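Engineer: Structure, please.
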Amino acid sequence: MTTLLVPDIGDFAEVEIIELLVKEGDTVAVEQSLITVESDKASMEIPASAAGKITRLLVKLGDKVSKGTPLAEIEAASGGGTPPAAAAEPQPAKVAELAPVSAPVAVPGAAVYNGAVDVQCDMLVLGAGPGGYSAAFRSADLGLNTVLVERYATLGGVCLNVGCIPSKALLHTAQVLEEAQHMADHGVAFASPSIDLDKLRAHKAGVVGKLTGGLAGMAKGRKVQVLHGVGTFLSANHLEVKAADGSVKVVQFSKAIIAAGSQPVHLPFIPKDPRIVDSTGALELPFVPKRMLIIGGGIIGLEMGTVYSALGARLDVVEMLDGLMQGADRDLVKVWQKRNAGRFDNIMLKTRTVGVEAKPEGILVRFEGEQAPAEPQLYDLVLVSVGRTPNGLKIGADRAGVAVTERGFIPVDKQLRTNVPHIFAIGDVVGQPMLAHKAVHEAHVAAEAAMGEKAFFDARVIPSVAYTNPEVAWVGLTEEQAKSQGVKVGKAVFPWAASGRAIANNADDGFTKLLFDEATNRIVGGGIVGMNAGDLIGEVCLAVEMGADATDIGKTIHPHPTLCESVGMAAEVYKGVCTDLPAVKKRG
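Structural biologist: The predicted model follows:
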């Protein structure tokens, strides 16, 4: 008789059993799943460490288990059992013990590596951002022995560690702060808030830790081996991983997916000073400045400006182009700008930053352009947010024979395959838009294509969202793009001033706009400005992907009273059948 125990499941302790996958009398094989457990971070299946017939289950649904908890007693299979001593400490499979699917492939122009190898695998994924970890997990699910290389101490890349997730945690705090201030108009008054930056930083870190910890558990559950360090190609089948302590491991792989991401653009004339930060530094909340400059009027800068403004900073923003939040139609941005006018002392458009000097009393900045102030301006904090640059030139791709452009992008085909057939690339490093949700879908395609499946990245649309207050979201063709491309579109706008839910939420300055191809009546794009626009835009994405027309959308019953019904009503506006607005001409 052998007792099956819960193996090492990482940092998870006292996790709940949510599913029993076997019963007494069943015969199980080694690695066959016995139970499913779930924590607040992830769910995973616990496998058998020995083969045989289950004579007694020692747990039930709802029980809490940890490493070493007895799960079941089994009668070991003849010749296939595992001694009790081995069963007491089951270990995950070690990737280094498994040989790659195929031998190294000679690639024209690539370097040759004949040195020692520490780890071998079927699939190597370089970078563990949303694209990278998705690629690794999908590869493992498809049966590939997978190694994931990540320069950060935790998984998740820029997005989870110093990007999308921590910024949204702070933006939520900012939104609550500002909503509380306006509640006096509703008859509920609060005292002035007391801001504890240390606790706010801890909250942000907690949000990040919860997600990155969950990823670590899922990697362990899938037997994905994670190597922490900076990865650099040595050849078309070898990668060097240099850890923070200086130690080095060489990985030999049969296939690879490059998910190396991007980094903030640094302007060469800006000095190094703790009062000058990029998006990563801004998320550290070093202090709350009295006066803050945002260099670059894109989404990232405006989101962080929203946070600092809610905490008490006065803002200036400088932008070389003729408008903020480029990419979105101007009618959407106009609503955002009107609502946010009180945050800014100066919005300097068609203006360049030409000089930055760090002085004891602050950061002195000089400007040139149509709306440049006559004199240099002094700021307590300067956020440089002028875009991101891909990391394609930082990974030794040339030694693998992988083509990289001068800007650092890696050209790929519809299967995300580079010029080297067994090496793929995804995410920021393959081109715009540099968005996490694009990278995740590319990751699935790359992993499946590497397995020989007929998978292609052929998204009709990729949505964009500014998580400001109000949120601005758009997808598909914009009015400006339709005009420049000569596409005849019909526009339908449902103003939130006619939405009961928006009025109740003090969000009636927003609107939902849909664009339809005049020839087919099918939706080709849309934009939303207002509360939760980023959540609402998903329906428009699906409508475009499915080729829905105005009738499909308008006759889909939406719940009332909600903000999402504004999508259906905008379609009704296009058809001329909306009864929540004054009558308009009906379309055929």
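
Engineer: Show me where the stretch 251-400 of the chain has its strands.
Structural biologist: Using DSSP state E, counting those that start in this stretch, the strands of the stretch 251-400 of the chain run over residues 262-264, 276-277, 291-295, 314-319, 344-349, 351-359, 362-369, 377-379, 381-384, 388-390.

Engineer: what's the model's confidence in the third one, averaged?
Structural biologist: Per-residue pLDDT over strand 291-295 has a mean of 97.

Engineer: Same check on the first one?
Structural biologist: In this model, strand 262-264 has a mean pLDDT of 92.

Engineer: Need the contact partners of that strand.
Structural biologist: Counting by CB atoms under 8 Å, 6 or more residues apart in numbering, the neighbours of strand 262-264 from elsewhere in the structure are 158, 278-280, 384-385, 387-391, 428-429, 434. Just so you know, the C-beta spots here come from the backbone N, C-alpha and C atoms, and that holds for glycine as well.

Engineer: right, and out of the residues you listed, which lies closest to Asp509?
Structural biologist: Closest approach to Asp509 among the contacts of strand 262-264 (CB to CB): Ser385, at 25.8 Å.

Engineer: what about the closest one, distance to Asp458?
Structural biologist: Remark: distance between Ser385 and Asp458 (CB to CB, to the nearest Å) = 32 Å.

Engineer: out of these two, which sits in the more crowded spot?
Structural biologist: Applying other CB atoms under 10 Å to Ser385 and Asp458 shows that Ser385 carries more neighbours, namely 24 against 7.

Engineer: Helices along the stretch 201-350 of the chain, start to end?
Structural biologist: If DSSP state H, counting those that start in this stretch is used as the criterion, the helices of the stretch 201-350 of the chain fall at 279-283, 299-311, 330-340.

Engineer: Of all those helices, which one is nearest Arg366?
Structural biologist: Sorting the helices of the stretch 201-350 of the chain by CB to CB, the top spot, which is the nearest, belongs to helix 299-311 at 19.1 Å.

Engineer: chain center to the closest one: distance?
Structural biologist: 19 Å (CA atoms, centre = their mean, to the nearest Å).

Engineer: How many neighbouring residues does Glu73 have?
Structural biologist: For Glu73, the number of neighbouring residues by other CB under 10 Å comes to 17.

Engineer: Make residue 1 into 32 and carry on from there
Structural biologist: All right, first residue 32 from here; so that's Glu104.

Engineer: Now for it: which residues touch it?
Structural biologist: So Glu104 contacts Met32, Thr33, Thr34, Leu35, Ile85, Thr86, Arg87, Leu89 (CB under 8 Å, 6+ apart).

Engineer: And the residues you listed, which is closest to Leu355?
Structural biologist: Compare each of those with Leu355 using CB to CB and the shortest gap goes to Leu35, at 60.1 Å.

Engineer: my guess is that closest one is in a helix, correct?
Structural biologist: No. Assignment of Leu35 by DSSP: H, G, I helix; E, B strand; the rest coil gives strand, placing it outside any helix.

Engineer: For it, list each beta-bridge partner.
Structural biologist: According to DSSP bridges, the residues that bridge with Leu35 are Ala103.

Engineer: quick one: it and Glu104, what's the gap?
Structural biologist: Distance, Leu35 to Glu104, by CB to CB: 8 Å.

Engineer: Tabulate the strands of the stretch 282-431 of the chain (CSV), appending mean neighbour count and distance to Gly585.
Structural biologist: Output for these, formatted as CSV (neighbours: other CB atoms under 10 Å; distance: least, CB to CB, whole Å):
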stretch, mean neighbour count, distance to Gly585
strand 293-295, 18, 40
strand 307-308, 20, 47
strand 322-326, 24, 40
strand 345-350, 23, 38
strand 375-380, 17, 38
strand 382-390, 16, 44
strand 393-400, 18, 46
strand 408-410, 19, 50
strand 412-415, 24, 43
strand 419-421, 21, 39
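
Engineer: Out of the ones you listed, flag the one nearest Asp611.
Structural biologist: Between Asp611 and the strands of the stretch 282-431 of the chain, the shortest gap by CB to CB is with strand 375-380, which sits at 34.3 Å.

Engineer: Who does the closest one pair with, and is each partner parallel or antiparallel?
Structural biologist: Strand 375-380 pairs in its sheet with strand 345-350 (parallel), by DSSP bridges.

Engineer: Report the mean per-residue pLDDT for the strand it pairs with.
Structural biologist: Averaging pLDDT along strand 345-350 gives 97.

Engineer: Report the distance from it to the chain centre.
Structural biologist: The gap between where strand 345-350 is centred and where its chain is centred comes out at 26 Å by CA atoms, centre = their mean.

Engineer: List the neighbours of it that are in contact with it.
Structural biologist: Around strand 345-350, the neighbours that count as contacts under CB under 8 Å, 6+ apart are 321-328, 332-333, 336, 339-340, 355, 374-384, 398, 408, 410.

Engineer: May I see the helices of the stretch 232-381 of the chain arranged in CSV, with mean pLDDT as well?
Structural biologist: Compiled in CSV, the helices of the stretch 232-381 of the chain are given as follows (pLDDT from 0 to 100):
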stretch, mean pLDDT
helix 310-314, 93
helix 330-342, 95
helix 361-371, 96
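
Engineer: With distance to Gly432 and mean neighbour count added, can I get those in TSV?
Structural biologist: Output for those, formatted as TSV (distance: least, CB to CB, whole Å; neighbours: other CB atoms under 10 Å):
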stretch	distance to Gly432	mean neighbour count
helix 310-314	32	20
helix 330-342	34	23
helix 361-371	44	17
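
Engineer: what would those look like in CSV with distance to Thr177?
Structural biologist: Compiled in CSV, these are given as follows (distance: least, CB to CB, whole Å):
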stretch, distance to Thr177
helix 310-314, 28
helix 330-342, 31
helix 361-371, 41
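
Engineer: among the ones you listed, which is nearest Tyr144?
Structural biologist: Closest to Tyr144 of those is helix 310-314 (CB to CB; 33.3 Å).

Engineer: Check which helices and strands the closest one is in contact with.
Structural biologist: Helices and strands touching helix 310-314, as assessed by 3 or more CB pairs under 8 Å, 6 or more residues apart in numbering; DSSP states H and E, comprise helix 188-193, helix 195-213, helix 330-342.

Engineer: if you set the cut-off to 10 Å instead, what comes out?
Structural biologist: With contacts defined as 3 or more CB pairs under 10 Å, 6 or more residues apart in numbering; DSSP states H and E, the secondary structure elements packing on helix 310-314 are helix 188-193, helix 195-213, helix 228-252, strand 293-295, helix 330-342, strand 412-415.

Engineer: Among those, which comes closest to Val435?
Structural biologist: With CB to CB as the measure, strand 293-295 is the member of these nearest Val435 (13.3 Å).

Engineer: Neighbouring strands - and their directions - for that closest one?
Structural biologist: Sheet pairing for strand 293-295, using DSSP bridges, gives strand 419-421 (antiparallel).

Engineer: can you give me the mean pLDDT across the strand it pairs with?
Structural biologist: 93.

Engineer: Ok, stretch 495-508 next?
Structural biologist: Across stretch 495-508, the average pLDDT comes to 95.

Engineer: how long is it from one end to the other?
Structural biologist: Looking at stretch 495-508, the gap from its leading to its trailing residue is 12 Å under the measure CA to CA, to the nearest Å.

Engineer: Which parts of the stretch 32-181 of the chain are helices?
Structural biologist: 115-119, 161-172.

Engineer: From Leu298, how far off is Val461?
Structural biologist: Spatial separation of Val461 from Leu298 under the definition CB to CB is 25 Å.

Engineer: Ignore what I typed, I meant Ala60.
Structural biologist: In this view, Ala60 and Leu298 are 60 Å apart by CB to CB.
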